[in-house]
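Q: Structural data only, the sequence is not supplied:
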């Protein structure tokens, strides 16, 4: 392959990737706004500024596209929490560390886009039972597994007293996520607590957690 043909092929791949991302962005907007049944591929194609054939070339069906949207948003949220959370630095305060982790988790999860997605998946659970499991596995289950491993490392360093990291992670998750998440899920995006309120909630939850597991 010549340098010119290689450059053309590379540009073609970039263009295809841009079109695919445009389709995903458009589909997410339409699905979250109209729901699964009311969404049609023509509208997604128009919003993405691509042909309907291009949409079907990337995603063979509306169901395939819906599954991709759910997986993509869930993984992005999880990555944002865990991939950017370093281990506790030497000499760093455990309470400060846990508060920072919890505040970041709430800030990422309690966004209108993620909340709308959760509501949409719950509404479609009978149609796509496997999708709710995928959302759980890629979201809460993954979060608690990663946090359990983090707690185990803290316990190994003698900073916490934990017999079962999985149980401790679940308890921390519900202390931090339970009330704000239920409020946002059931009462809508306007009910998402303000940052100052969330910080107070996190501080109380961390105090309760450390009362059981702290040194």
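A: Everything's here; your move. Just so it is clear, the model here is predicted, and its values are computed rather than measured.
Q: who are the neighbours in contact with the residue positioned nearest the centre of the chain?
A: Centroid check for the chain by C-alpha atoms, centre = their mean gives residue 77 as the closest residue, at 2.6 Å. Residues in contact with residue 77, defined by C-beta atoms under 8 Å, 6 or more residues apart in numbering, are 108, 109, 111, 114, 139. C-beta here means a position set from N, CA and C on the backbone, and glycine is covered the same way.
Q: can you list these in TSV and add secondary structure?
A: Shown next, in TSV, are the contacts of residue 77 (DSSP: H, G, I helix; E, B strand; the rest coil):
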residue	secondary structure
108	helix
109	helix
111	coil
114	helix
139	helix
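Q: give me every residue that touches residue 119.
A: residue 185 are the contacts of residue 119 under C-beta under 8 Å, 6+ apart.
Q: Name the helix or strand for it, please.
A: helix 112-123 (DSSP states H and E).
Q: In that helix, which residues have enough neighbours to count as buried?
A: 114, 115, 116, 117, 118, 119, 120, 121 (16 or more other C-beta atoms under 10 Å).
Q: what do you get for stretch 27-36?
A: 27, 28, 29, 30, 31, 32, 36.
Q: re the thing from before, give me the three-state assignment for the residue nearest to the centre of the chain.
A: Relying on three-state DSSP, one would call residue 77 helix.
Q: Quick check: pLDDT value at it.
A: pLDDT recorded at residue 77 is 75.
Q: now swap in the one 4 residues further on and tell me
A: In the prediction, the pLDDT value recorded for residue 81 is 70.
Q: any idea which helix or strand comes after the strand or helix carrying residue 151?
A: Counting by DSSP H and E, the element that carries residue 151 is helix 142-156. Of the helices and strands lying after helix 142-156 in sequence (DSSP H and E), the nearest is helix 165-187.
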